[in-house]
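K.L.:
Kindly return the folded structure for what I paste below:
(one chain, ligands or ions: 2)
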Amino acid sequence: MSGPASPILPGATLGVMGGGQLGRMFVHAAQRLGYFTAVLDADPQSPAGLVSHHHIQTGYSDPAGLAQLAALCAAITTEFENVPADALAQLAASRPVAPGAAAVAIAQDRLQEKAHFSACAAASGVACAPYAVLQTPDQLAAVPATLLPGILKTARMGYDGKGQVRVKTAAELAAAWSDLKQVPCVLEKMLPLQAELSVLVARGRDGQVVSFAPQRNVHVNGILAVTHAYEGCLPPALVARARAATEAIAAQIGYVGLMCVEFFVVTGADGQDTLVVNEMAPRPHNSGHYTLDACDVSQFDLQVHAMAGLPLPAPRQHSPAIMLNLLGDIWFDSSGRERTPDWCAVLALPGTHLHLYGKTEARRGRKMGHLTLTGADLAGVQASARAAAGLLGLPDLPGQEGL
Ligand code: ATP
Ligand code: MG
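P.N.:
Numbering: from 1, shown residues only. Ligands and ions are numbered 1, 2, ... in the order given. Below you'll find the model as predicted:
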C-alpha cells in the first residue's frame, strides 16, 4: 500500500467496509482514540452502522457509496474478507486502504491462499493440509484416493463452515461437487486434529510487526465455540512456531493491518506435534475477542493503529481468559420457544465481560455476542466459564484437555 508518510492522527475520520460485529468493535476502538468513523453497509440496522458517526447505506460496489466513503475518510479498512477486492482497489486510488486489495484477494480465494502458504513455506516452516484443486471434471477424476476421507470446500465465499461438505468416497465427492454446481473447490484431506489455534499479527506500513501469543480454539459444527487464551493452553514450542509462521505469512505479502492465521495441530508420523496452516483472515477475528478484556491492547486497537500509521505497541496479556461465543441458539429453549438468556445470573459471576452486538433478531448459528471470562488465576476463570456455560445452556467447556 502506498500511503502518506505521516500518521493519520485522532480527529480524522476512519472508514470501514462492512457493518458487522467486527466493524462495530473497530468503531468502538477508533472512537475511544478520538477518531470519527464511517461504516459502509447496506443494512440500516448493521451492528457497526448503529454506533458509527457516519453510516453509508449502499452495497460494497456502489460507486456513489464508495466515493462518499473516500470523501469522508482519511483511511479505510475492512471487517469482512468478502468485500470485492475491486472496491478496495478503487478506494486505494485516493486513500490509504489497509489491508490492501491484493492481500484481501488472496484471503478470498482458497486456491490463492494455499498458493500463498506454499510460497511462504520455506520462511514460515509450515505447510497446509494435503489438497487437490477441483475446477474441471478431469481434476475430479484424478483426485488421489489418499485425500479421502476429505472436506470439499468452495474456493470462495466460505465462512463458519458454510460451503463445506465432508466426503468419504469418490462417489460422495462427485455428488457433493455436483450439488455445489461444480464451482471451483479444493478437496482437503481430513486430518485428525489434536487441537486448533490461531495467531493475531499486526503489521505497520514501515514493516513493524507485533503479535499476540496463539489462542486455542474449539469449533462445534464448523463454528468457533470456545477460545482458551492463557499460558499453558498450548505447548511452548508450538507457540513460538505458530507466531513465527504467522509473521512470515504477513511479511511475505507486505501486509499492512491486523491479520489472523488459523492453524491445526496434528500428530506427525514421528509422534511429534506438527503445525498445519489452515487459512488467513485479513481482519480481526472471532478468536481474538478475548484481547478486548484480557490484554492491554486489543486486536481492534492494533487494527486502528496499523491503518492510521501509528506506532504498534506490543500487546501484553494481563489475565488468563476464556471466551464463549454466544450464538442465536441460546435465545431458544428446548421446545423452541424464544427466551432471553439470564444475563443477570451470568453477570453475577466473577470476571465476566458480556459483549452483545445489537442484533435484534436471534437465529440459530448467528453470532449474537460473546462472553469473556477473566480473573487473577486460571482455576477461577475456568470455574466462571463452566458456570456461565451451564447458565446459558452451552455444552460443558470443550477444549480443557491438554495436548
Ligand atoms: P471460518 O469461520 O474460520 O472462516 P471456514 O468456513 O472458512 O471457517 P475452515 O476454517 O476451513 O472453514 O474450517 C472450519 C472448521 O472445520 C475448522 O476450524 C476445523 O475444525 C474443521 N476443518 C477444516 N478443514 C479441516 C481438515 N482438513 N481436517 C479436519 N478438520 C478440518
Ligand atoms: Mg476457519
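K.L.:
tell me which element the residue in the stretch 201-350 of the chain positioned nearest to ligand 1 falls in.
P.N.:
For the stretch 201-350 of the chain, the residue closest to ligand 1 is His219, as judged by C-beta to the nearest ligand atom, at 4.0 Å. To be clear about C-beta, it is placed using only N, CA and C from the backbone, and glycine gets the same treatment. Counting by DSSP states H and E, the element that carries His219 is strand 215-220.
K.L.:
After that strand, which helix or strand is next? Please name it.
P.N.:
From strand 215-220, the next helix or strand downstream (DSSP H and E) is strand 223-229.
K.L.:
Now do the domain split for this protein, please.
P.N.:
Split into domains by automatic domain parsing, the chain comes to 13-97, 130-189, 193-392.
K.L.:
now the end-to-end length of the shortest one.
P.N.:
Using C-alpha to C-alpha, to the nearest Å, the end-to-end distance of domain 130-189 comes to 6 Å.
K.L.:
Just to be sure, Thr13 is in a helix?
P.N.:
No: following the definition DSSP: H, G, I helix; E, B strand; the rest coil, Thr13 is strand and is not counted among the residues of a helix.
K.L.:
what sits opposite Pro10 in the beta ladder?
P.N.:
Applying DSSP bridges to Pro10 gives these bridge partners: Ala12.
K.L.:
residue contacts, it?
P.N.:
33-35 (C-beta atoms under 8 Å, 6 or more residues apart in numbering).
K.L.:
Now do the same for it: its pLDDT.
P.N.:
The predicted local distance difference test score for Pro10 is 98.
K.L.:
again, but for Val201
P.N.:
As predicted, Val201 sits at a pLDDT of 98.
K.L.:
From what I see, it and Val256 are in contact.
P.N.:
No: with contact defined as C-beta atoms under 8 Å, Val201 does not reach Val256; the gap is 11.4 Å.
K.L.:
Helices along this structure, start to end?
P.N.:
21-32, 63-72, 85-92, 101-108, 110-119, 121-124, 137-141, 170-179, 236-251, 291-294, 299-308, 343-347, 378-392 (DSSP state H).
K.L.:
Pick the most buried one from those helices.
P.N.:
Comparing the helices of the chain on average neighbours per residue, with mean count of other C-beta atoms under 10 Å, the densest one is helix 299-308 at a mean of 27.
K.L.:
Kindly format the C-alpha coordinates of it as CSV.
P.N.:
Output for helix 299-308, consisting of C-alpha atoms alone and laid out as CSV, is shown next (Å, rounded to 0.1, in the frame of the first residue of the first chain):
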residue,chain,number,x,y,z
GLN,A,299,-6.8,-6.6,18.2
PHE,A,300,-9.1,-3.7,17.2
ASP,A,301,-6.8,-1.2,18.8
LEU,A,302,-4.0,-2.6,16.6
GLN,A,303,-6.2,-2.5,13.5
VAL,A,304,-6.7,1.2,14.1
HIS,A,305,-3.0,1.8,14.8
ALA,A,306,-1.9,0.0,11.7
MET,A,307,-4.3,1.7,9.3
ALA,A,308,-3.5,5.1,10.7
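K.L.:
Can you name every helix or strand that it contacts?
P.N.:
For helix 299-308, the elements it packs on are strand 13-17, helix 21-32, strand 75-78, strand 195-203, strand 257-267, helix 291-294, judged by 3 or more C-beta pairs under 8 Å, 6 or more residues apart in numbering; DSSP states H and E.
K.L.:
now do 7 Å
P.N.:
For helix 299-308, the elements it packs on are strand 13-17, helix 21-32, strand 75-78, strand 195-203, strand 257-267, judged by 3 or more C-beta pairs under 7 Å, 6 or more residues apart in numbering; DSSP states H and E.
K.L.:
how about the ones you listed, which one is nearest Gly336?
P.N.:
Nearest to Gly336 among the helices and strands packed on helix 299-308 is helix 21-32 (25.1 Å), distances taken as C-beta to C-beta.
K.L.:
and the closest one, what does it pack onto?
P.N.:
Short answer (3+ C-beta pairs under 7 Å, 6+ apart): helix 21-32 packs on strand 13-17, strand 36-40, helix 299-308.
K.L.:
Tell me if I'm right that Gln139 and Leu147 touch.
P.N.:
No: counting by C-beta atoms under 7 Å, no contact exists between Gln139 and Leu147, whose distance comes to 11.7 Å.
K.L.:
okay, and the common contacts of those two?
P.N.:
Shared contacts of Gln139 and Leu147, defined by C-beta atoms under 7 Å, 6 or more residues apart in numbering, are found at Ala132.
K.L.:
Turn the helices and strands packed on helix 299-308 into CSV, columns for distance to ligand 1.
P.N.:
Converted to CSV, these look like this (distance: least, C-beta to the nearest ligand atom, whole Å):
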stretch, distance to ligand 1
strand 13-17, 17
helix 21-32, 12
strand 75-78, 15
strand 195-203, 5
strand 257-267, 6
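K.L.:
Could you dump those into JSON lines with distance to Ala115 added?
P.N.:
Below are those laid out as JSON lines (distance: least, C-beta to C-beta, whole Å):
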{"stretch": "strand 13-17", "distance to Ala115": "24"}
{"stretch": "helix 21-32", "distance to Ala115": "26"}
{"stretch": "strand 75-78", "distance to Ala115": "21"}
{"stretch": "strand 195-203", "distance to Ala115": "20"}
{"stretch": "strand 257-267", "distance to Ala115": "15"}
